[in-house]
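Visitor: With the input below, show me the fold.
(one chain, ligands or ions: 1)
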Amino acid sequence: MFDHSNRIPVHIQEMKGYVPGKTIEEVQKIYRPAMIAKLASNENRLGCSPRVREAVLESLSAVQNYPDPLSLELREELARRNGVDPASILVTAGSESAISILCRTFLQPLRVQSPDMQSLRVQSSDMQGRAEAVTAEATFVGFFVQAGVMNAKVTRVPMAEGYRFDGRAMLDAIRDETRMIYLANPNNPTGTYMPADEFRVWLEGIPDHVLIVVDEAYLEYATGVEDYPQAIEDLHSRPNMLLLRTFSKAYGLAGFRVGYVIGDPELIGQLAKVKLTFEPTAAAQAAALAALRDEAFLMQSLDLVRDARARFYAFLEHHDGVYVPSISNSVMMVFGSESEASTFTESMLREGVILRRLAAFGLPHCVRVTMGTPEEMAHFEDSYEKVMGELHSKAVSVAQLRGAQND
Ligand SMILES: Cc1ncc(COP(=O)(O)O)c(C=O)c1O
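Guide: This next block holds a predicted model:
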C-alpha cells in the first residue's frame, strides 16, 4: 500500500476537506418534501440569461480544440466595460481559482521576508518560513482553505459590532512579514460591507509591501448602495491592489466557473504564469460573454434579490427573528445558540428548505439564507412558521414537564 504519511505535508493531511451541503436530489430522496428551496449556496435563483444556452451550444462545435488560454474576447469586453486595459485583466475558472493563484503566487513559504514587493525573487533554497496574511474572522472560507494549502499563517481579525469589518484592527494586524490582506466586500457570509469612507482610510493605512485583495464577488448587488466603495477607482494609485470578480452570482454561471482579476498589468502578467493554461473552458468563456451582454437579465437578478430581501426582513421582524442587514444576495440569521441554529437548519431541511449553517465560517450560531424566487421565499416562510411552531410547543412542554417535576 502507498504510504502517503511522510510524503504529504502534515498541514495538508490535517486540513478538513470541504463538506458539501445536501443536494436537491438527496433531500428529495430522504425527506420527500412537497417542494424544495435550495437557499444554501448563494447561487442565482433566477437561473442565467437565456442567451447563455445559445452561446454554449455554438461553442460545442469546436469542443475538440483547446480554449483560448488568454480569453481574449472576454477580456476585451470586460476591459471595455471596466475602463481598463485588457492587460489589466486575468480570466480564471471562478474567483476561487483566482484566490488559489494568488495564494500560490504570494504565499509560498519564504525564509527571507522583504517589505519591498520588488525583491520577491527568492530562491527555493530560501523557502522555509510561513508566509503571512491578514483577513477578517467571519469571511469567505475559500480564502482560508487556499491560504491553508500554502501553510500560510492567517491572522483573522474579529468583526466589529453588527458583524461589520473592523478596518482599524485589520490595519493593526499588519506586520513587516504580512504579504497579503484579503477583504471580501460585500462580505460572505455576513452580507455586510466596508463603506467608502472607511475603505479609503483602510486603503491608505496599508503599506506598499502588502498585496491588497478586494474580493468583489457580490459587487453587482451593491448597485445603488451609495456608500459602497468603487475600489476600481483606486487601482491607478495602488498598483499593489487586485480586485476579484465572478460570474457565479449575479450572472448565474456558478456551474461554468468563470471569474476574473483586475489589477496592474505587471502583476497580472505574473499571475498569468501560475494560472492553469486552459482555464476556463471555451464553453465557460462563451457563456460569460453572453451573460455580460444581457443587461436586462442582470437587472432582473438584482431586482429579485432586492425584493426577496425586503420581504425576508419584514417576515423575520414580524416573527421576532434576528438578522443582519445585507447588501448581498443572502441574509444571515442570528440565533441564541449553536444548538438552536442547528435544530432550525435540520428542521427546515426536512421541509425541503436547504440552508447553510455557518459553523465552517466560525459562526456556529448563525444560518445564511440565499434570497430566492417569490415561490422559494414563500416556501421558506411557511416552513419557518411550521418549524418554529413545533419547536416552540416542544420547548413549552419540556418547560411544563420540568415545572411539574418541581412542584
Ligand atoms: C466572497 C466570495 N468570493 C469568491 C467566491 C467563489 O466564487 P466562484 O464561484 O467565482 O469561485 C465566493 C463564493 O461563494 C464568495 O462568496
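
Visitor: rest of the way, CA atoms for contacts and neighbours
Guide: Noted.

Visitor: Enumerate the residues of the chain near the ligand.
Guide: Listed as neighbours of the ligand in the chain under the rule Cα under 6 Å from any ligand atom: 94-96, 140, 184, 187-188, 215, 217, 246, 248, 254, 257, 259.

Visitor: give me that answer again for 5 Å
Guide: 94-96, 188, 246, 248 (Cα under 5 Å from any ligand atom).

Visitor: For G362, state which of the residues you listed is nearest.
Guide: N188 (12.1 Å; Cα to Cα).

Visitor: For that closest one, list the residues it contacts.
Guide: Neighbour list for N188: 138-140 [criterion: Cα atoms under 8 Å, 6 or more residues apart in numbering].

Visitor: Pull out the buried residues from those residues.
Guide: Neighbour-count burial (16 or more other Cα atoms under 10 Å) is assigned, among these, to 138-140.

Visitor: Could I get those residues in a markdown table, plus columns for pLDDT and secondary structure?
Guide: As requested, those are arranged in a markdown table below (pLDDT from 0 to 100; DSSP: H, G, I helix; E, B strand; the rest coil):
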| residue | pLDDT | secondary structure |
| --- | --- | --- |
| A138 | 96 | coil |
| T139 | 97 | coil |
| F140 | 96 | coil |
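
Visitor: Which of these sits closest to R80?
Guide: F140 (28.8 Å).

Visitor: Help me confirm that P280 comes into contact with V91.
Guide: Yes - under the criterion of Cα atoms under 8 Å, P280 makes contact with V91 at 7.4 Å.

Visitor: Name the residues contacting each of those two.
Guide: With Cα under 8 Å, 6+ apart, P280 and V91 have common neighbours V258.

Visitor: Leaving out chain neighbours, which residue sits closest to V91?
Guide: Y260 (4.2 Å; Cα to Cα, 6 or more residues apart in numbering).

Visitor: cool, and P158?
Guide: That would be E137: by Cα to Cα, 6+ apart, it lies 5.0 Å from P158.

Visitor: And that neighbour, what's its pLDDT?
Guide: Per-residue pLDDT puts E137 at 95.

Visitor: Pull the number of nearby residues for it.
Guide: 20 (other Cα atoms under 10 Å).

Visitor: In this structure, mark out all the strands, start to finish.
Guide: 37-38, 89-92, 132-136, 153-157, 178-184, 211-215, 241-246, 259-263, 323-324, 330-334, 353-354, 356-358, 363-370 (DSSP state E).

Visitor: Could you work out which of those reaches nearest to G269?
Guide: Closest of the strands of the chain to G269 is strand 89-92, at 8.3 Å (criterion: Cα to Cα).

Visitor: Sheet partners, orientation included, of the closest one?
Guide: Under the criterion DSSP bridges, strand 89-92 sits next to strand 259-263 (antiparallel) in its sheet.

Visitor: and the strand it pairs with with strand 241-246, angle?
Guide: Interaxial angle, strand 259-263 versus strand 241-246 (axes from the mean of the first three to the mean of the last three Cα atoms, to 10 degrees): 160 degrees.

Visitor: could the contacts of N188 be laid out in JSON lines, adding distance to V52?
Guide: JSON lines is the format used below for those (distance: Cα to Cα, whole Å):
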{"residue": "A138", "distance to V52": "34"}
{"residue": "T139", "distance to V52": "31"}
{"residue": "F140", "distance to V52": "28"}
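
Visitor: quick one: which of the residues you listed is nearest to the ligand?
Guide: F140 (5.1 Å; Cα to the nearest ligand atom).

Visitor: Go ahead and confirm that closest one touches A184.
Guide: Yes - taking Cα under 8 Å as the definition, F140 is a contact partner of A184 at 7.1 Å.

Visitor: deepest of the strands of the chain, which one?
Guide: strand 89-92 (a mean of 29; mean count of other Cα atoms under 10 Å).

Visitor: Show me what the mean pLDDT comes to for that strand.
Guide: 98.
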